[in-house]
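>>> based on what follows, work out the 3D shape:
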Amino acid sequence: MALNDVLGLLLLAVYISAIVGIAALVTYAVIKIFPTERNPKKPDKPDETSSGNGAEGAGRLFRRAKRGTA
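All right, here's what the predicted structure looks like:
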């Protein structure tokens, strides 16, 4: 009975190690197949649509609140 418990725990450890190893291998393969750019491309020209009100661009999702307004 004790030998079955030890073998079961050993098999569980091997199973967990195999899953972690496969995940690491898949991650390594994806990084090698689809590498990211070291220097991302910058847009040709920045958004010039702001009217000088402190907003960083017209297409921003969260704009900075104007200071001094209640």
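>>> just the pLDDT for residue 38.
For residue 38, the pLDDT comes out at 77.
>>> neighbours around it, how many?
5 (other Cβ atoms under 10 Å). No exception for glycine: its C-beta is placed from N, CA and C like everyone else's.
>>> how about residue 18?
Applying other Cβ under 10 Å, we find 10 residues neighbouring residue 18.
>>> that one in helix, strand or coil?
Under DSSP: H, G, I helix; E, B strand; the rest coil, residue 18 falls in the helix class.
>>> can you tell me how far it is from residue 26?
13 Å (Cβ to Cβ, to the nearest Å).
>>> same thing with residue 17?
Distance of residue 17 to residue 26, given as Cβ to Cβ: 15 Å.
>>> just residue 11 next, same as before
According to Cβ to Cβ, residue 11 stands 23 Å off from residue 26.
>>> low-confidence regions, this protein specifically.
Applying pLDDT under 70 to the chain flags the ranges 40, 43-44, 46-60, 63-65, 68-70.
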